[in-house]
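# Model the structure of this input:
(one chain, ligands or ions: 1)
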Amino acid sequence: MRVPMMAGNWKMNCDLAEAEALARGVVEGAGSVEGVAVLLAPPFTALERVASVIAGSNVKLAAQNVYWQEEGAYTGEISVKMLASCGCAYVIVGHSERRGRFGVPEPDMTEDLLRVFGDTDAAVNTKAKAALAGGLTPIICVGETLAEREADLTDAIVKDQVVAALEGMTPEQINGVVLAYEPVWAIGTGKTCEPPEANRVIGVIRAAIDSVAGAGAAHDITVLYGGSVKPDNVRALVSQPEIDGGLVGGASLKAGSFSELVTVTKEVRGS
Ligand code: PEP
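Predicted coordinates:
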């Protein structure tokens with residue numbers, strides 16, 4: 001059975017006091033909802049504080065990124081073990097912003113600066129495997145840019161990203177991942193992919209999973225949609241049969257709107 005899920009990606013927002021207040025608000029608004037996995041992904045600096053706020057509730061902790069080595073001379077990187085020791089159960093891997101593919105234009109970013117956000121398909125695959133090996137569930141993000149969509153490349157890009165992300169994993173490992181379809185042009189832009197189109201592309205994602213892990217493998221895998229999910233569009237999105245929930249940026253920064261996303265998902269998809 002696929003688990004419906006609503007995950008809030010706080011990105012580079014919230015100092016400790018703000019993180020604590022936001023997490024408290026989510027615990028009050030959605031912390032006792034059952035049948036939907038509710039995840040918060042604060043910045044690394046707030047993981048431990050948020051872990052202490054959500055303890056005893058149904059809210060789970062996720063990180064926004066991870067490095068694949070266990071330890072060593074990797075200045076500025078964070079390992080799976082470190083995340084687990086802060087209470088993380090999930091980690092977002094291959095978010096388009098980590099791949100250097102931004103939905104909102106970043107005019108100051110030269111090619112040189114953009115390399116800071118340099119996750120390749122191979123890096124995403126290595127990070128996802130490291131997460132699984134260390135007991136974290138990777139939430140693997142895939143999605144096309146506007147230029148790729150306009151060039152009719154959506155299906156090919158998404159399929160290639162899924163196949164590359166799952167490369168070398170056993171069917172059992174693949175069964176332990178979550179995928180997120182995040183069209184880059186819809187992230188942080190206020191533009192949402194039409195729900196039937198998001199549903200169709202997630203069908204392409206499921207076919208790509210089956211092509212790697214065997215027919216039927218995708219049936220039990222949670223696949224989220226991300227890209228300007230808000231209280232006024234969430235019902236239409238999670239009513240689509242292939243969309244198991246959302247990965248949410250902007251609307252996760254207000255406890256009230258994020259809790260509403262959880263409540264609607266529970267109403268539509270919860271057991
Ligand atoms: C995201 O952070 O993955 C995202 C989808 O952001 P937003 O909801 O702001 O578009």
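
# Going by residue numbers, what spans are helices in the stretch 101-250 of the chain?
Assigned by DSSP state H, counting those that start in this stretch, the stretch 101-250 of the chain shows helices spanning 111-114, 121-133, 146-150, 154-166, 171-174, 195-213, 234-238.

# Count residues in the vicinity of Phe113, would you?
Actually, residue 113 is Leu. It isn't Phe. 11 (other Cβ atoms under 10 Å). C-betas here are computed from N, CA, C, even on glycine.

# Gly94 versus that one, what's the distance?
Using Cβ to Cβ, to the nearest Å, we find Leu113 at a distance of 20 Å from Gly94.

# repeat for Leu253
22 Å.

# So the closest residue to Ser271 other than its chain neighbours: helix, strand or coil?
Distance criterion Cβ to Cβ, 6 or more residues apart in numbering; nearest residue to Ser271, sequence neighbours excluded, is Gly35 at 4.5 Å. Gly35 falls in the coil class when you classify it by DSSP: H, G, I helix; E, B strand; the rest coil.

# Same check on Leu61?
The local conformation at Leu61, judged by three-state DSSP, is strand.

# Strands of the stretch 1-150 of the chain, start to end?
For the stretch 1-150 of the chain, the strands defined by DSSP state E, counting those that start in this stretch cover 5-9, 37-41, 59-63, 88-93, 137-142.

# Tell me the residue of this structure that sits nearest the ligand?
Gly249 (2.3 Å; Cβ to the nearest ligand atom).

# Which pLDDT does the model give the closest residue to that residue other than its chain neighbours?
Closest residue in space to Gly249, ignoring its immediate chain neighbours: Asn9 at 5.2 Å, by Cβ to Cβ, 6+ apart. On pLDDT, Asn9 comes in at 98.

# Ser271 now?
70.

# repeat for Met1
For Met1, pLDDT reads 77.

# I figured it hits His219, correct?
No - in this structure, Met1 is not within contact of His219 by Cβ atoms under 8 Å, at 9.5 Å.

# What score does the closest residue to Ser211 other than its chain neighbours have for pLDDT?
Spatially, and ignoring its direct neighbours in sequence, Ser211 is nearest to Val163 (6.9 Å; Cβ to Cβ, 6+ apart). Residue-level confidence at Val163 comes out at 98, pLDDT.

# OK, contacts around Val163?
Ala208, Ser211, Val212 (Cβ atoms under 8 Å, 6 or more residues apart in numbering).

# Number of residues surrounding the second one?
So that's Ser211. With other Cβ under 10 Å as criterion, Ser211 counts 15.

# The first one too?
The tally of other residues near Ala208 (other Cβ under 10 Å) stands at 23.

# got a list of what the spatially closest residue to it that is not a sequence neighbour touches?
Distance criterion Cβ to Cβ, 6+ apart; nearest residue to Ala208, sequence neighbours excluded, is Val162 at 3.9 Å. Going by Cβ under 8 Å, 6+ apart, Val162 touches Ile140, Val142, Leu179, Ile205, Ala208, Ile209, Val212.

# The same query, at a cut-off of 6 Å, please.
Val162 is in contact with Val142, Ile205, Ala208, counting by Cβ atoms under 6 Å, 6 or more residues apart in numbering.

# For those residues, give me CSV that also has distance to Ala19.
Formatted as CSV, those follow (distance: Cβ to Cβ, whole Å):
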residue, distance to Ala19
Val142, 28
Ile205, 31
Ala208, 35
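
# Can you lay out these as a markdown table showing pLDDT?
Listed next are the contacts of Val162 as a markdown table, based on pLDDT from 0 to 100:
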| residue | pLDDT |
| --- | --- |
| Val142 | 98 |
| Ile205 | 98 |
| Ala208 | 98 |
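
# Report the backbone C-alpha coordinates of the helix or strand bottoming out on mean pLDDT in the chain in PDB.
The helix or strand of the chain with the lowest confidence, counting by mean pLDDT, DSSP states H and E, is helix 111-114 at a mean of 93. In PDB, the C-alpha atoms belonging to helix 111-114 read as follows (Å, rounded to 0.1, in the frame of the first residue of the first chain):
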ATOM      1  CA  GLU A 111      27.900  29.600 -14.700                       C
ATOM      2  CA  ASP A 112      30.800  29.600 -12.200                       C
ATOM      3  CA  LEU A 113      28.600  30.400  -9.200                       C
ATOM      4  CA  LEU A 114      25.900  27.900 -10.300                       C
END
